[in-house]
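K.L.:
sharing a model prediction with you, sequence too.
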Amino acid sequence: MTDTVRIFDTTLRDGEQSPGASMNTAEKLDIARQLVRLGVDVIEAGFPISSPGDFESVRRVGEEVGDAAIVCALTRAVPKDIEVAAEALEGIARPRIHTGIGVSDNHLRHKFKISREEALERAEKAVRLARAHTDDVEFYAEDAGRADPAFLYRMLEVAIAAGATVVNIPDTTGYAYPEVFGALVAGVCENVAGIEDVTISVHCHNDLGMATANSLAAVKAGARQVECTINGIGERAGNTALEEVVMALRQRPDVFGVDTRINTREIVRASRLVSSITGILVQPNKSIVGANAFAHSSGIHQDGVLKERSTYEIIDPAEVGAGGSSIVLTARSGRHALRHRLEDLGYELPDDEFERVYDAFLDVADKKKEVYDEDLEAIVGESERTVDEVYHLAQVHVSCGDPGIPTATVELVSREGEHLIDSSHGNGPVDAVYNAINRIVAVPNDLTEFSVQSVTRGIDAMGEVTIRVRSEDGRVFTGRGAHPDIIVASAKAYTNALNRLLVSQKKADIEEL
Ligand code: KIV
Ligand code: ZN
């Protein structure tokens, strides 16, 4: 029987640490449902002590997932973190606490300012406390990729003796190379007492573009859990991409001799969902999930693929769910057909949200006649973005041209129901709209990125605008908006980004109290 490698997905935790990728609870639940359809073994749902929002997300994801996956909460080796994580996980079918501390001398000296002996003591106490709350405790030795292997072995031994059931060897800074990282894991297998009774996990970052290669080298050396994110999003250059590890193991049993439980046909859908929710676009040449991953442009290649697909394709696109569906909805499709299609796409919406989506669907169907899956994803995303709204865009009107002074009037409705109208001019229609919104919202920010993409093909396609704004304290917020009119989509995206900024300021104020 083929040995199984567990897939630990941290899109909702490390993935959310990508600048501008913060998600609201409804968005996290959509991703969690898709992770269940993918068949991941573990979902790291958040870091409960970090904010009330993260606490709530862990709890809600746990309720949603039931026993379909282990739901994991991150903590530092700090008693209060562990108590709060245990509280967030209470009542969840398969809870896991993920606790740990730095193991490299760099982290101990500069970050923790403690000795190796003190680090061992904290590690032991943290694991014992976590075990008092749950039987499933994963211990991470942060920055293991730069640590003294002999000290790493000692720390893992202490964690195992204290009750850890999984030990995680993170290459936190993406410093390792496949040979070196594989050797480190082999060293752990040989030198750590009790290692045969626990699962070895690896958690690699992609600073040198080695995250997938390092994770695979670790699997060859004995790791049986890989931590990864959809599309490889995550802190700095990101984490190991789930789709890359899974497909490498599936494609090359001759090399690895192990497999995962992942339903690979859900990969592209997961990729699109995460990209749509976080606003982090997938580069076209990205392996497995990029728009060009199965596109053949040279005549020689096209000829080869037409004769026999395997000449230039090592993966059948259908195996990862690429290729798209041919279902097209129209204004006459009706509620039942829409709900059915949304469920196929992975969206189970409560009745009130479904009605909002249905109205928006009719609006889009009126304008563009045929509504594709990508349009539906944009419409649902649009509806979910309204969950935490401080301001709702009621209407926008622009006048522009050459010659002419681009001028915009916008109406926003505040959460309290106040209707606020203002106008402004600008360098162009979008600038004018943003100036008008700024006059109402009056929160200092810099617009650092603006991009517009069409969701589907054709002149009547929906436009999806993604923007990033930087707040005064340097934090980045992503905003997205979709509409057949790209000026309206731009206004929605900006309002969405400012809403996220305002909500996060409110949370920070609450935490300071
Ligand atoms: O990169 C890292 O070391 C982490 C740990 C918290 C597992 O994200
Ligand atoms: Zn990480």
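P.N.:
Structure's in. What do you need? Ligands and ions are numbered 1, 2, ... in the order given.

K.L.:
for the record, mean pLDDT for stretch 284-302?
P.N.:
The average pLDDT for stretch 284-302 rounds to 87.

K.L.:
now do the buried residues in that stretch.
P.N.:
K286, I288, V289, G290, A293, F294, H296 (16 or more other C-beta atoms under 10 Å). Heads up, the C-betas are built off the backbone N, CA and C, glycines and all.

K.L.:
in JSON lines, list the residues you listed along with distance to H107 and secondary structure.
P.N.:
Compiled in JSON lines, these are given as follows (distance: C-beta to C-beta, whole Å; DSSP: H, G, I helix; E, B strand; the rest coil):
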{"residue": "K286", "distance to H107": "31", "secondary structure": "coil"}
{"residue": "I288", "distance to H107": "33", "secondary structure": "coil"}
{"residue": "V289", "distance to H107": "33", "secondary structure": "coil"}
{"residue": "G290", "distance to H107": "35", "secondary structure": "coil"}
{"residue": "A293", "distance to H107": "37", "secondary structure": "coil"}
{"residue": "F294", "distance to H107": "42", "secondary structure": "coil"}
{"residue": "H296", "distance to H107": "46", "secondary structure": "coil"}
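
K.L.:
N191 and N231, how far apart?
P.N.:
35 Å (C-beta to C-beta, to the nearest Å).

K.L.:
one more: L362?
P.N.:
Counting by C-beta to C-beta, the gap from L362 to N231 is 32 Å.

K.L.:
between these two, which one's more packed in?
P.N.:
Neighbour count, other C-beta atoms under 10 Å: between L362 and N231, N231 has more, with 29 against 14.

K.L.:
ok, and what's touching the one helix or strand R250 maps to?
P.N.:
Using DSSP states H and E, R250 sits within helix 242-251. With contact meaning C-beta atoms under 8 Å, 6 or more residues apart in numbering, helix 242-251 is reached by 5, 7, 9, 11, 38, 40, 212, 215-216, 219, 226, 228-232, 256, 258-260, 262, 264, 267, 270-271, 287-289, 314-315, 320.

K.L.:
can you turn the buried part of those residues into a ChimeraX selection?
P.N.:
Of the contacts of helix 242-251, the buried ones go into a single ChimeraX selection, burial set by 16+ other C-beta under 10 Å:
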select :5,7,9,11,38,40,212,215,216,219,226,228,229,230,231,232,256,260,262,264,267,270,271,288,289,315,320
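
K.L.:
by contact count, what packs against the lengthiest helix in the chain?
P.N.:
The residue-count maximum for a helix in the chain (DSSP state H) belongs to helix 486-512. Here helix 486-512 touches helix 52-65, strand 391-399, helix 429-441, strand 445-454, strand 463-471, strand 476-483, going by 3 or more C-beta pairs under 8 Å, 6 or more residues apart in numbering; DSSP states H and E.

K.L.:
now for these, which one comes closest to ligand 1?
P.N.:
Taking C-beta to the nearest ligand atom, helix 52-65 is the member of these nearest to ligand 1, at 13.5 Å.

K.L.:
quick one: the closest one to chain centroid distance?
P.N.:
Distance of helix 52-65 from the chain centroid (C-alpha atoms, centre = their mean, to the nearest Å) equals 15 Å.

K.L.:
E416: how many residues sit nearby?
P.N.:
Neighbours around E416, by other C-beta under 10 Å: 6.

K.L.:
return the residues of this protein in contact with ligand 1.
P.N.:
D14, L74, Y140, E142, N168, P170, T172, H203, H205 (C-beta under 6 Å from any ligand atom).

K.L.:
TSV please, covering the residues you listed and showing secondary structure, distance to G481 and pLDDT.
P.N.:
Formatted as TSV, these follow (DSSP: H, G, I helix; E, B strand; the rest coil; distance: C-beta to C-beta, whole Å; pLDDT from 0 to 100):
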residue	secondary structure	distance to G481	pLDDT
D14	coil	27	97
L74	strand	31	98
Y140	strand	38	98
E142	strand	38	98
N168	strand	38	98
P170	strand	36	98
T172	coil	35	98
H203	strand	34	98
H205	strand	31	98
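
K.L.:
generate a PyMOL selection restricted to the buried subset of the residues you listed.
P.N.:
In PyMOL, this line selects whichever of the residues of the chain next to ligand 1 come out buried by 16+ other C-beta under 10 Å:
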select buried, resi 14+74+140+142+168+170+172+203+205
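
K.L.:
of all the residues of the chain next to ligand 1, which comes closest to Y434?
P.N.:
D14 (31.8 Å; C-beta to C-beta).

K.L.:
not counting sequence-adjacent ones, nearest residue to the closest one?
P.N.:
Once flanking residues are discounted, D14 sits nearest to G234: 4.4 Å by C-beta to C-beta, 6 or more residues apart in numbering.

K.L.:
wait, a helix at the one you found?
P.N.:
No: assessed by DSSP: H, G, I helix; E, B strand; the rest coil, G234 does not belong to a helix; its assignment is coil.

K.L.:
isn't it up against H205?
P.N.:
Yes: counting by C-beta atoms under 8 Å, G234 does reach H205; the two are 6.9 Å apart.

K.L.:
any shared contact partners between the two?
P.N.:
In contact with both G234 and H205: no residue, using C-beta under 8 Å, 6+ apart.

K.L.:
tilt between the helix or strand where E382 lies and strand 463-471?
P.N.:
Assigning secondary structure by DSSP H and E places E382 in helix 373-384. Inter-element angle recorded for helix 373-384 and strand 463-471: 40 degrees (by axes from the mean of the first three to the mean of the last three C-alpha atoms, to 10 degrees).

K.L.:
helix 373-384 packs against which elements?
P.N.:
helix 25-38, helix 267-278, helix 334-345, helix 351-368, strand 476-483.
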